[in-house]
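Student: Only the shape, not the letters, is given here:
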Ligand SMILES: Nc1ncnc2c1ncn2[C@@H]1O[C@H](COP(=O)(O)OP(=O)(O)OP(=O)(O)O)[C@@H](O)[C@H]1O
């Protein structure tokens, strides 16, 4: 890990109508760090991811990816510059196989035509790359399965394999454990730990506190659109301001 900030947020503010959704959010995420983003419902976590990935443009402030200002860049330009994201809802093509889904992501990254009708040939570069990515998430044995038949935990792993295929500098995981059966949580946790071990910079919004605290280097706590604290998991849990923000909520 280095001190170089792979992602920097500078005084991010967002107003929609008269509502103040985000205010003064400043954050540096060093290369290779995993940061958990937590906060009560409606705190602004998903909106912050939307600002980082380009779904929403902030009213004020800047987003820097590996030192480059991407605040005014489109979603696609940011993805091409190395920003990968999963969403709370599945982004898989349900009728395609696991391999075909990951292969399309690998092909898109390589700049080739992403044709759904092209029959994958064994040994083509995109298929090889897709198989490598599936192996990284422990799903190569499911390569031929139809995506619609996968359990939630498996779908999340395929989505992560699709991210890896694009070789991103920064990965945003939006509630990866949502809808995942409790028995599948440990295996998915290990896949996310593997992303981190691979030296990738990862931000993760997650309500499953045990998962967050067991995985991340630092935790950013949001409340009413502001950052309450950014610190180690231990320090954040011991922080009285954080505890009072969560009063009435299970932490
Ligand atoms: N386009 C929008 N227009 C108006 N209000 C919005 C818009 N997007 C988000 N909000 C409001 O901003 C606040 C933050 O929402 P956001 O979904 O980012 O919270 P969150 O922390 O991700 O919540 P959760 O944990 O429930 O997913 C909420 O009060 C939400 O209603």
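Tutor: Here it is on my side, so go on. Quick caveat: nothing in here was measured; it's all calculated off a predicted structure.
Student: From residue 143, how far out is residue 187?
Tutor: 17 Å (C-beta to C-beta, to the nearest Å). Glycine gets a C-beta too; all of them are placed from N, C-alpha and C.
Student: and the host helix or strand of residue 204, is it in reach of the ligand?
Tutor: In the assignment (DSSP states H and E), residue 204 maps to strand 201-205. No: looking at strand 201-205 against the ligand by C-beta under 6 Å from any ligand atom, there are no contacts, and the closest approach is 6.5 Å.
Student: and residue 161, what is it in contact with?
Tutor: For residue 161, the contacting residues are 102, 105, 130, 133-134, 136-137, 139, by C-beta atoms under 8 Å, 6 or more residues apart in numbering.
Student: Ignore what I typed, I meant residue 201.
Tutor: With C-beta under 8 Å, 6+ apart, residue 201 has these contacts: 6-7, 29-34, 169-171.
Student: can we see that at 6 Å?
Tutor: Counting by C-beta atoms under 6 Å, 6 or more residues apart in numbering, residue 201 touches 6, 29, 31, 33, 170.
Student: quick one: the second one is in a strand?
Tutor: Yes: Residue 29 forms part of a strand when assessed by DSSP: H, G, I helix; E, B strand; the rest coil.
Student: Not counting residues beside it along the chain, what's closest to it?
Tutor: Spatial nearest neighbour of residue 29, chain neighbours left out: residue 7 (4.4 Å); criterion: C-beta to C-beta, 6 or more residues apart in numbering.
Student: Shouldn't that neighbour be within a strand?
Tutor: Yes: counting by three-state DSSP, residue 7 falls inside a strand.
Student: who's it bridged to?
Tutor: Going by DSSP bridges, residue 7 is paired in beta bridges with residue 29, residue 65.
Student: what about it, neighbour count?
Tutor: 25 (other C-beta atoms under 10 Å).
Student: That one contacts residue 170, correct?
Tutor: Yes: contact criterion C-beta atoms under 6 Å: residue 7 and residue 170 qualify, at 5.1 Å.
Student: if we can go back for a sec, avg pLDDT for the strand holding residue 204?
Tutor: In this model, strand 201-205 has a mean pLDDT of 97.
Student: next SSE after it?
Tutor: That would be, after strand 201-205 and using DSSP H and E, helix 209-215.
Student: Give me the angle between the helix or strand following that next one and strand 201-205.
Tutor: Reading on from helix 209-215 to the C-terminus, the next helix or strand found by DSSP H and E is strand 218-223. Put simply, strand 218-223 runs at 40 degrees to strand 201-205, going by axes from the mean of the first three to the mean of the last three C-alpha atoms, to 10 degrees.
Student: ok, strand 218-223: who's next to it in the sheet?
Tutor: For strand 218-223, pairing defined by DSSP bridges yields strand 34-38 (parallel), strand 226-231 (antiparallel).
Student: Other residues contacting the shortest one?
Tutor: Where contact means C-beta under 6 Å, 6+ apart, the residues beyond strand 34-38 that reach it are 29, 45, 196, 202-205, 212, 216-221.
Student: can you list the weak-confidence ranges in the stretch 101-250 of the chain?
Tutor: The stretch 101-250 of the chain contains residues with pLDDT under 70 at 112-123, 247-250.
Student: Run through the helices of the protein in chain order.
Tutor: With DSSP state H as the criterion, the chain has helices at 45-53, 75-80, 98-110, 125-136, 152-165, 185-197, 209-215, 233-237, 240-245.
Student: thinking again about what came up before, closest one of the contacts of strand 34-38 to the ligand?
Tutor: When the contacts of strand 34-38 are ranked by distance to the ligand (C-beta to the nearest ligand atom), residue 45 comes first, at 3.5 Å.
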